[in-house]
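1. Give the three-dimensional model of this entry:
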Amino acid sequence: MFLIMGIVSCKKEAAMEGPELIDIFGDFKVISPLRASQKTVDFSKNERLYFTAKLSIRANWTVEIIGINSGAKKVFTGNEKDLISNPIDWNGTITFAPFFRRNEPCYARLFFSQLKDTLYSDTITITGIRPTPEVNILIDDFESPQRPYNTFSEGQQSYNSTAVNFQGIAPAEKSRYYVLAGNHGPTASLFLCGMNLATKISQSDSNGLYFNFATENPEKIYFNAYVYGWGDNKAELSIEFQEDDNKNGIYEAAEEGTYNYRIAINWTGWKLISFPYSATKISTSGGFGNVDRTGKKDPDRIIATQFLLLAKAGTSGNTRAGIDFCSFTYNVPFQP
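-> As a prediction, this is how the structure comes out:
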């Protein structure tokens, strides 16, 4: 008899594994509203801000902190229901540029992907901004009009732009940025235009051709860039790295490797994009032929960085993407 009771007890414990039923089928209620740990924060002194809330059930949520004057935005996402025991920890970094400003008021809101509820916190004032960390290698910030850019297209255009002559959009950083743009019909080719950027001599090795990385591990080298989206969900950006496998100073398509990372631009404004070089895939576009002489990724042989503007299938009209402050960092993404 005792043996049977023991078996039944084990079955009951196994049935409790996984999320609680109330988390799936329970009624949604806000037990504790969204609150900030303080009303002012000085990120220049390494202060941090914590946001708390508590819900009755798990729900996919987003917290946005938005600068009222600058329009800068920090975004957090999650699924926890208890943000009191596990508060959101903010150290002043951004998700969408431009940067937060000193003495700027901000508001925070918590909303849900499948629910109508939106919770707002009290206004927070940033009395000191977080210092922008240095990058390990700056590829280009597009500040020099004399910098040569090798552009190419299929009847479209790519051009350098400023905040003054391109619809008044402020750059993510300093005063200039780069724009790829083109008009197309619904039956147009996916590729619109591109720009090829040779490795900058001031950031390269003694030969002046390749980036002088402190590591050759693709998992520890992060590419970073601000990418601007116009909110029309029509553009994709392919970021590509051409490797001169035999180091003869010339990239030979269909013989040497090009590795790319494709992004669907489905947002509005400047968004920071970061990924490790290990996340790139060998390119088969543009006659590259999925070929690599060394058979592996060689970041120390990158001779050019290339940007391709692609139109999403079924879209038409003006398609654009902005690019600013492209860089490499080691071990972790750039965190402004």
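2. what about the strands in the stretch 51-200 of the chain?
-> Using DSSP state E, counting those that start in this stretch, the strands of the stretch 51-200 of the chain run over residues 61-67, 73-78, 88-90, 96-97, 104-112, 118-120, 124-128, 137-140, 150-153, 157-162, 176-184, 191-198.
3. any idea which of those strands is most buried?
-> strand 96-97 (a mean of 23; mean count of other CB atoms under 10 Å). The C-beta positions use only the backbone N, C-alpha and C, and glycine is treated the same way.
4. that older thread, if you average pLDDT over each of the strands of the stretch 51-200 of the chain, which is lowest?
-> Ranked by mean pLDDT, the strands of the stretch 51-200 of the chain bottom out at strand 157-162, with a mean of 65.
5. Look at Leu190 and report its pLDDT.
-> pLDDT, read off for Leu190, is 84.
6. From Lys271, how far off is the closest residue to it other than its chain neighbours?
-> Closest residue to Leu190 apart from its sequence neighbours, by CB to CB, 6 or more residues apart in numbering: Leu310 at 5.1 Å. Distance, Leu310 to Lys271, using CB to CB, to the nearest Å: 17 Å.
7. which of those two has more neighbours?
-> Leu310 (24 against 21; other CB atoms under 10 Å).
8. I figured Ala108 hits Ile65, correct?
-> Yes: contact criterion CB atoms under 8 Å: Ala108 and Ile65 qualify, at 4.7 Å.
9. Quickly list what's touching both of those two.
-> Ile124 (CB atoms under 8 Å, 6 or more residues apart in numbering).
10. Output the contacting helices and strands for the helix or strand containing the residue nearest to Leu190.
-> Using DSSP states H and E, Leu310 falls within strand 302-311. Strand 302-311 sits against strand 176-184, strand 191-198, strand 235-243, strand 317-330, with contacts defined as 3 or more CB pairs under 8 Å, 6 or more residues apart in numbering; DSSP states H and E.
11. before we move on, the earlier item: pull the contacting residues for the residue nearest to Leu190.
-> If you count contacts by CB under 8 Å, 6+ apart, Leu310 has them with Leu190, Phe191, Leu192, Ala235, Glu236, Leu237, Ser238, Arg262.
12. please redo it, this time with the cut-off set to 6 Å
-> Leu190, Phe191, Glu236 (CB atoms under 6 Å, 6 or more residues apart in numbering).
13. now swap in Asp232 and tell me
-> Not one residue lies near Asp232 by CB under 6 Å, 6+ apart.
14. Backbone dihedrals for it, please?
-> phi -100, psi -10 (degrees, to the nearest 10).
15. okay, now the domains of this protein?
-> Taking automatic domain parsing as the reference, the chain has its domains at 10-128, 137-330.
16. Looking at those, which is nearest to Pro336?
-> domain 10-128 (5.6 Å; CB to CB).
17. Return the distance of that closest one from the chain's centre.
-> 20 Å (CA atoms, centre = their mean, to the nearest Å).
18. now do stretch 209-226
-> Relative to the mean C-alpha coordinate of its chain, stretch 209-226 is positioned 16 Å out (CA atoms, centre = their mean).
19. pLDDT score assigned to Tyr228?
-> Reading off the model, Tyr228 has pLDDT 94.
20. And for Gly314?
-> 87.
21. cool, the one 10 residues further on as well?
-> At Asp324, the predicted lDDT confidence score is 92.
22. what's the angle from the host helix or strand of Tyr261 to strand 235-243?
-> Taking DSSP H and E as the definition, one finds Tyr261 inside strand 258-265. Between strand 258-265 and strand 235-243, the angle comes out at 160 degrees (axes from the mean of the first three to the mean of the last three CA atoms, to 10 degrees).
23. what comes up buried for strand 258-265?
-> Of all the residues in strand 258-265, those buried under the rule 16 or more other CB atoms under 10 Å are Thr258, Tyr259, Asn260, Tyr261, Ile263, Ile265.
24. now stretch 68-87
-> Those would be Ser70, Ala72, Lys73, Lys74, Phe76, Glu80, Lys81, Leu83, Pro87, for stretch 68-87 by 16+ other CB under 10 Å.
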